[in-house]
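A.B. asks: after the sequence you'll find the predicted model.
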Amino acid sequence: MSTYQNSTFLNEWHDGDVALLQREFGLSADELANATILLATYMHDELGGEAFVLFRQNGNLYEVNASHDSVGGMTGQWEPEETFPQALRYRLEQGRLGRSTDGSNLFANELCFLLTELERGVPL
């Protein structure tokens, strides 16, 4: 059974839940078995959209990055990559993870808070 009580869905997914992820990525319930969604966000404009999902599954931390053009969707792009808080923090601080091209926050502040909690050992 999956747990989602600590999930944060942001931007155009602000009212989202696991069913939304299943629809958007074309997932079965089995693919999210034992998963805890920590952060899921999606932004789009007239040219396309971008999604970021961070979740725990079977004791490991994973991220999914997906995008599409104006006519496509994200079905088939669910490709979880194992990640670590240190790697995400590096990309936040040294790169542009969670920020738009103009530097404004898309989900960087929320991810930074979440990483701090993970590093402190707060159960999520």
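C.D. replies: Sure, I can see it. Numbers count the residues shown, from 1 in each chain.

A.B. asks: helices along the protein, start to end?
C.D. replies: Applying DSSP state H to the chain gives helices spanning 18-25, 85-94, 108-120.

A.B. asks: alpha carbons only: can I get the second one in PDB?
C.D. replies: Written as PDB, here are the backbone C-alpha positions of helix 85-94 (Å, rounded to 0.1, in the frame of the first residue of the first chain):
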ATOM      1  CA  PRO A  85      19.900  14.500  -0.800                       C
ATOM      2  CA  GLN A  86      23.500  15.700  -1.400                       C
ATOM      3  CA  ALA A  87      23.100  15.400  -5.200                       C
ATOM      4  CA  LEU A  88      19.900  17.300  -5.200                       C
ATOM      5  CA  ARG A  89      21.300  20.000  -3.000                       C
ATOM      6  CA  TYR A  90      24.300  20.400  -5.200                       C
ATOM      7  CA  ARG A  91      22.000  20.800  -8.300                       C
ATOM      8  CA  LEU A  92      19.900  23.400  -6.300                       C
ATOM      9  CA  GLU A  93      22.900  25.400  -5.200                       C
ATOM     10  CA  GLN A  94      25.300  25.000  -8.200                       C
END
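
A.B. asks: ok, back up a step: check the helices of the chain for me and report the most buried one.
C.D. replies: Counting by mean count of other Cβ atoms under 10 Å, helix 18-25 has the highest mean neighbour count of these, with a mean of 18. C-beta: built from backbone N, CA, C; applies to glycine.

A.B. asks: other SSEs contacting that helix?
C.D. replies: Counting contacts by 3 or more Cβ pairs under 8 Å, 6 or more residues apart in numbering; DSSP states H and E, helix 18-25 packs against strand 35-44.

A.B. asks: hmm, back to that, now the helices of the chain as TSV including mean pLDDT and distance to residue 40?
C.D. replies: Formatted as TSV, the helices of the chain follow (pLDDT from 0 to 100; distance: least, Cβ to Cβ, whole Å):
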stretch	mean pLDDT	distance to residue 40
helix 18-25	90	6
helix 85-94	95	15
helix 108-120	92	11
